[in-house]
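Visitor: predicted model and sequence below, questions to follow.
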Amino acid sequence: MQDEGLCGHHVKATPRWKSWDEFVEAKSSAGFRQSSWYAYFKTIYNGWAQFNILLRAGEDVVGGAVVFKRSVMRRFVTTMSQTVRHYLKRTPVLIRSTLSTL
């Protein structure tokens, strides 16, 4: 699922991202846009910051998502204002049985 050339020294090194990537790799429907290496790529390529949200049942990851965020300057008539946009690529990844417990 991942390109080893992109991995290098990135977010995958943290235990949180490691747990997430293992979960995503086990889900065939998750897609590469939920992986840590894609989050790293988006940061390098166009400056989006990222974080992941994990849903756990004990020690097991049962769902979550990668969320991208970016500060944007907006013009309102005569003033400029900075806002933050959050972007969720695709949909959250969940274990089917998780839906019944939420």
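Guide: Structure's in. What do you need? Predicted model, so just to flag it, every value in this text is computed and none were measured.
Visitor: excluding its backbone neighbours, what's nearest Ser29?
Guide: Among residues not flanking Ser29 along the chain, Val93 sits closest, at 7.9 Å (Cβ to Cβ, 6 or more residues apart in numbering). To be clear about C-beta, it is placed using only N, CA and C from the backbone, and glycine gets the same treatment.
Visitor: which ones are touching that neighbour?
Guide: 23-24, 27, 29-30, 34, 63-65 (Cβ atoms under 8 Å, 6 or more residues apart in numbering).
Visitor: how about a markdown table for those residues, with distance to Val72 added?
Guide: A markdown table is the format used below for these (distance: Cβ to Cβ, whole Å):
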| residue | distance to Val72 |
| --- | --- |
| Phe23 | 31 |
| Val24 | 28 |
| Lys27 | 31 |
| Ser29 | 31 |
| Ala30 | 28 |
| Gln34 | 23 |
| Gly63 | 28 |
| Gly64 | 25 |
| Ala65 | 21 |
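Visitor: among those residues, find the lowest-pLDDT one for me.
Guide: Lowest pLDDT among the contacts of Val93: Ser29, with 74.
Visitor: tell me how many other residues surround it.
Guide: For Ser29, the tally of surrounding residues (other Cβ atoms under 10 Å) stands at 10.
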